[in-house]
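Trainee: Any chance you could fold what I've pasted below:
(chains A and B)
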Amino acid sequence: MPPFERFYEQHRNEVYAFLVRRLGRDRAEDAFQETFLRALRAYPNLRHTEHLRAWAFTIAGRIVIDEHRRTRPEAELPDLATEDGRPAFAELEHLADQLPPTERAAVVLRYGYELDYADIGAALGSNATAARQAASSGIRRLRKESK
Amino acid sequence: MTTVSPDLDRRFRDAAARDNLLDVAYDFVDSPIGTLLVAATERGLARIEYDAEPEREVERLARTFGVRVLRSPAPIDETRRELDEYFDGKRRAFDLPLDLTLLADFNRLVLRQLARVPYGEVVTYGELAARAARPRAARAVGTVMNRNPLPIVLPCHRVIGANGKLVGYGGGLERKEALLRLEGALL
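Mentor: Here you go, the predicted model:
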């Protein structure tokens, strides 16, 4: 487990850039602080250290969703059960733990936190195409296991 | 690339300390004898390092105190102020809470005695051993001085050889000499 300072230095700029894209500069500042304070609270209890980057984006993604809900409560969030005929994430979430780490991260970030593939690719240290492939192969695996 | 501004960065580092989320905070303090890395836990001042390599020192702090290590100036401000006053010749004793909890009993005992050696005075390793009720342990006292986690504040520079020579100092003899000269113990 790297010291938190190292984790923060490595990921602060890309997480901030993601928050600025999603929320605009003004709201991104509070969200940035909240992201890393949440990360700091959870940090000593983390079991895995391999996907710290994806984990940071997961927290930031959660905060973006909360922020959208707070400021636009009337807006409907996409229905994960029907969008593109994809499986309802909630029904499959418990299975995601069994996926290989990259697929798991891609599935959780896409279907749990609704990040787009470019952001997921950034979070996983690859690119949008690889993120899309990881998510879809994770979903195929989940479908197989849920049958 | 969109980057975090120094102001936002500072606000996060302050908030992390204010919310008591850190195992250990550190920052750098400029002094006439070089830049010092200063670290503090919630119990008090925990490290002063000369010539610190930040990467390695941050790793070491994490191993010693816990992974929530963050550079954060606010928890170090009081130490910075007292060190500045000391180097300006305006302070003769430090009034800071110290975190010595992770030290061995003997080291803590010796360092407590060391803390009582007044500004501008010197003692020998043997005398300090005697004050710690271990009169034969001069050599062990030397080792404790060498590993002193809080040089300057715990004044191991005031401990010298029986022959009056400065003998050694973790931060280098030049610094020991500079500190004793500052305190008027050397002419």
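
Trainee: Show me which residues of chain B sit near chain A.
Mentor: Residues of chain B lying near chain A by C-beta under 8 Å from any C-beta of the partner chain: B:1-4, B:8-9, B:11-12, B:15-16, B:19, B:21-23, B:58-59, B:61-62, B:66-71. For glycine as for every other residue, the C-beta is placed from the backbone atoms N, C-alpha and C.

Trainee: Just the ones in strands from those residues, please.
Mentor: Among these, the members falling in strands (DSSP state E) are B:Val69, B:Leu70, B:Arg71.

Trainee: in chain B, which spans are strands?
Mentor: Secondary structure of chain B, counting by DSSP E: strands at B:24-29, B:36-40, B:45-50, B:69-71, B:123-124, B:159-160.

Trainee: Let me have the ones you listed in CSV, extended by mean neighbour count and mean pLDDT.
Mentor: As requested, the strands of chain B are exported to CSV (neighbours: other C-beta atoms under 10 Å in any protein chain shown; pLDDT from 0 to 100):
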stretch, mean neighbour count, mean pLDDT
strand B:24-29, 22, 98
strand B:36-40, 25, 98
strand B:45-50, 22, 97
strand B:69-71, 24, 98
strand B:123-124, 18, 96
strand B:159-160, 24, 95
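
Trainee: I'd like the ones in strands among the residues of chain B next to chain A laid out as TSV, including distance to B:Leu128.
Mentor: Below are those laid out as TSV (distance: C-beta to C-beta, whole Å):
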residue	distance to B:Leu128
B:Val69	32
B:Leu70	36
B:Arg71	34
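
Trainee: quick one: which of those is nearest chain A?
Mentor: B:Val69 (4.2 Å; C-beta to the nearest C-beta).

Trainee: is the closest one in a bridge, and if so with what?
Mentor: Counting by DSSP bridges, B:Val69 forms beta bridges with B:Val24.

Trainee: give the contact list for it.
Mentor: Contacts of B:Val69 were listed using C-beta atoms under 8 Å, 6 or more residues apart in numbering or on different chains, and they are A:Pro3, A:Phe4, A:Glu5, B:Leu22, B:Asp23, B:Val24, B:Ala25, B:Tyr26, B:Val58, B:Leu61, B:Ala62.

Trainee: what's the closest of the residues you listed to B:Pro151?
Mentor: Nearest to B:Pro151 out of the contacts of B:Val69 is B:Tyr26 (C-beta to C-beta; 15.4 Å).

Trainee: domains in chain B, as residue ranges please.
Mentor: Per the record, chain B has its domains at B:6-87, B:105-182, by automatic domain parsing.

Trainee: A:Glu5 in helix, strand or coil?
Mentor: helix (DSSP: H, G, I helix; E, B strand; the rest coil).

Trainee: Look up how far chain A lies from the most centrally placed residue in chain B.
Mentor: Centroid-nearest residue in chain B: B:Leu150, 2.2 Å away (criterion: C-alpha atoms, centre = their mean). Distance, B:Leu150 to chain A, using C-beta to the nearest C-beta, to the nearest Å: 21 Å.

Trainee: Could you do B:Lys176 as well?
Mentor: With the distance defined as C-beta to the nearest C-beta, B:Lys176 ends up 31 Å from chain A.

Trainee: How many residues are close by that residue?
Mentor: Neighbour count for B:Lys176, taken as other C-beta atoms under 10 Å in any protein chain shown: 23.

Trainee: List the contacts of B:Asp19.
Mentor: When contacts are counted by C-beta under 8 Å, 6+ apart, B:Asp19 touches A:Leu37.

Trainee: got the phi/psi numbers for it?
Mentor: With angles defined as degrees, to the nearest 10, B:Asp19 sits at phi -80, psi 10.

Trainee: mind putting the contacts of B:Val69 in CSV, distance to A:Glu114 included?
Mentor: Converted to CSV, the contacts of B:Val69 look like this (distance: C-beta to C-beta, whole Å):
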residue, distance to A:Glu114
A:Pro3, 31
A:Phe4, 27
A:Glu5, 30
B:Leu22, 32
B:Asp23, 34
B:Val24, 36
B:Ala25, 35
B:Tyr26, 38
B:Val58, 35
B:Leu61, 37
B:Ala62, 34
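
Trainee: out of those, who's nearest B:Gly171?
Mentor: B:Tyr26 (17.3 Å).

Trainee: Now that the closest one has come up, it's in contact with B:Leu61, right?
Mentor: Yes - counting by C-beta atoms under 8 Å, B:Tyr26 touches B:Leu61, with 6.4 Å between them.

Trainee: which residues are common contacts for those two?
Mentor: Common neighbours of B:Tyr26 and B:Leu61, counting by C-beta under 8 Å, 6+ apart, are B:Ala39, B:Arg47, B:Val69.

Trainee: how much space is there between the last one and B:Tyr50?
Mentor: Plainly put, B:Val69 is 19 Å away from B:Tyr50 if you go by C-beta to C-beta, to the nearest Å.
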